[in-house]
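**Q** Fold the following and give me the result.
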Amino acid sequence: MPSSAGQSARPRSRFDALAEALSRSVPQRLRAMEWAAGYGVLGVEFESGDLLALRRFPYGTIGAYSTVWHRSAEGVWRMYFDAPRADQACPRYFSGALFDTERASIELDWQDNRTLEVRASRRHLVDLRWALTLGSSTRTSLLNGISRLMPSRLTTTPAALDTMARGTDILLGMGGFAATGRSPNGQHFMLRPKWLAPVASSSARLNGGDLGAMVTTGRTATLGDFVIPRRPLFAVGWAFFDAAPAPVQPLNRADGDDDQGELLSKYVCQRLVSRVMEAAHHGTFGGERTYATVLFIDISGFTRLAERCEPERVMQILNRNLDIIVDTIFRYDGAVLKFLGDGVLAAFGVHQRREDDVHRAAMAALEIQANLQAAQASIAEDERVGVAIGLHCGDVVCGNIGHRDRLDFTIIGDTVNVAQRIQTLAHAGETLVSGDVAAAVAGGFKLEDEREAAVKGRDESIRVYRLIDISS
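**A** Okay, here's the model as predicted:
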């Protein structure tokens, strides 16, 4: 029997009951496919440009799961899932089109049959609070009445689904809804909505920021052949996919999937590849001023290791810890600009400016400390290290420096210098931030030990704080 576990402590909603009924009536000829019965919000866009979607499948071949989909205003897709692994939830089919996938706690709380509150959270990574209210319309009621009268065995063929999808698209103005197609990971899919309702209202806060009012845009979003309707809709129904998943497509490919771009991404931060490749076609580009949050990260204890261990072993230890640091920076969409022997120079806002750059940099710093500390528990005591991190934000100039035949993409400016000086004040396991960073994240993070510190090369002292945690 396909799994129906997950979130058992929550009272079962009307829609979970409908999903259970659907799980008992899957057409026999389709049981060879991977199927799921449940409900979801097909997509809601907000004034901020962010788009949210939800899938809750309590019954299905691969088990019960919930997934929250998020597309940022810049078009970056992420999925948060509550299954044990990503391949036991929506990323099984969509990871090829995603920037990132993360396991998170997902809570669905039905206040009544029309009002849903969604909470997706993971320490330092995401905190989403999303509320929505379902409405009703003559057109969705008409479609639901027709759906009840039509036998499932006659309406789950690709031809029938495509015909119904075209009619539904025209009637509701969905903007190109597709009931069949191919997912980003290569599996063919079929979707059979059994009950529809418009989303009457919705609001959301993501990592403390208000996404604004729900909007209906004139455009649709797609993931492979899968279309996110431009009108916010809630649906209960089935989803069917090929039983054997196709190989997962690589994430975060640079623009232009040519071999040069792929090779270059091994030596240049992937987030900067498109800029560097473009510069190669137009000659070197000069400096560009931008506002960024700069992180200097120093691995402490590395000099001691270098004195005691063979060089090959030192490099293994260094790379093991750098993997954790870099993966975390990438998870928060930062750019790694330079490896400094036993340290890292990273920045947020260089490859793409965002309003929450400082917050994401702070969350990345906290998670780097937590992840490295957790990793040391399984490492021999004489190979354990810590990191000291310094953060500052302000104007920088980014671009290529060097010789015309040997260029290096980097950032320069007083902001960079101050961030480095702050890092030198931090002890292993400690993250220090400037007064500017503290002001930008006020209320969202716990800060302690405010003090004035003299900084080499500056006449005036600077105010620094110790970054402790996110605020509860």
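
**Q** contacts, neighbours, all on C-alpha from now
**A** OK.

**Q** Quick check: beta-bridge partners of the most centrally placed residue in the chain?
**A** When Cα atoms, centre = their mean is applied to the chain, the residue found nearest the centroid is residue 78 (3.4 Å). Beta-bridge partners for residue 78, by DSSP bridges, are residue 70, residue 100.

**Q** Quick check: the gap between residue 220 and residue 228.
**A** From residue 220 over to residue 228 the distance is 6 Å, taken as Cα to Cα, to the nearest Å.

**Q** Helices of this protein, start to end?
**A** Here the chain has its helices, by DSSP state H, at 14-23, 91-94, 138-149, 158-172, 259-264, 273-282, 302-308, 311-331, 357-376, 414-425, 435-440.

**Q** so how far is the longest one from its chain's centroid?
**A** Okay, so that is helix 311-331. Put simply, helix 311-331 sits 22 Å off its chain's centre (Cα atoms, centre = their mean, to the nearest Å).

**Q** Show me which residues of that helix are buried.
**A** Judged by neighbour count using 16 or more other Cα atoms under 10 Å, the buried positions of helix 311-331 are 314, 317, 318, 321, 322, 324, 325, 326, 328, 329, 330.

**Q** Equivalent analysis for the last one, please.
**A** Applying a neighbour-count criterion of 16+ other Cα under 10 Å, one finds 435, 436, 437, 438 buried in helix 435-440.

**Q** Hmm, residue 99 and the residue nearest to the centre of the chain touching each other?
**A** Yes. Counting by Cα atoms under 8 Å, residue 78 touches residue 99, with 5.8 Å between them.

**Q** Low-confidence bits of this protein, can you list those?
**A** 1-11, 123-124, 153-155, 218, 244-287, 303, 402-408, 472 (pLDDT under 70).

**Q** Report the residue ranges of every domain in it.
**A** Following automatic domain parsing, one finds the domains of the chain at 14-241, 284-470.

**Q** Next up, the contacts around the closest residue to residue 444 other than its chain neighbours.
**A** Spatial nearest neighbour of residue 444, chain neighbours left out: residue 471 (5.2 Å); criterion: Cα to Cα, 6 or more residues apart in numbering. Contact partners of residue 471, counting by Cα atoms under 8 Å, 6 or more residues apart in numbering, are 443, 444, 445, 446.

**Q** separation between residue 471 and residue 447?
**A** Using Cα to Cα, residue 471 is found at 9 Å from residue 447.

**Q** and if you look at residue 295?
**A** With Cα to Cα as the criterion, residue 295 and residue 447 are 17 Å apart.

**Q** quick one: the strands in the stretch 151-300 of the chain?
**A** Applying DSSP state E, counting those that start in this stretch to the stretch 151-300 of the chain gives strands spanning 180-182, 188-206, 209-210, 214-215, 221-223, 226-228, 233-241, 288-300.

**Q** Quick one: closest of these to residue 163.
**A** Ranking those by proximity to residue 163 (Cα to Cα) places strand 180-182 first, at 10.4 Å.

**Q** what comes into contact with the closest one?
**A** Here strand 180-182 makes contact (Cα under 8 Å, 6+ apart) with 158, 161, 162, 188, 189, 190, 191, 224, 225, 226.

**Q** Of the residues you listed, just say which sits nearest to residue 43.
**A** Once Cα to Cα is applied, the member of the contacts of strand 180-182 that ends up nearest residue 43 is residue 226, at 11.7 Å.

**Q** Quick check: beta-bridge partners of that closest one?
**A** For residue 226, the beta-bridge assignment (DSSP bridges) gives partners residue 223.

**Q** contacting residues around it?
**A** 178, 181, 182, 183.

**Q** Any chance of TSV for these, columns distance to residue 393 and neighbour count?
**A** Written out in TSV, the entries for the contacts of residue 226 read as follows (distance: Cα to Cα, whole Å; neighbours: other Cα atoms under 10 Å):
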residue	distance to residue 393	neighbour count
178	45	23
181	45	19
182	43	17
183	40	22
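
**Q** Please produce TSV containing those residues, extended by distance to residue 398.
**A** Shown next, in TSV, are the contacts of residue 226 (distance: Cα to Cα, whole Å):
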residue	distance to residue 398
178	43
181	43
182	40
183	38
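
**Q** out of these, what pair is the most spread apart?
**A** Comparing every pair within the contacts of residue 226 by Cα to Cα identifies 178 and 183 as the most remote, at 11.4 Å.

**Q** intersection of neighbour lists for the two?
**A** 225, 226.

**Q** Can you say which of the contacts of strand 180-182 are buried?
**A** Looks like the contacts of strand 180-182 have 161, 162, 188, 189, 190, 191, 224, 225, 226 buried, using 16+ other Cα under 10 Å.
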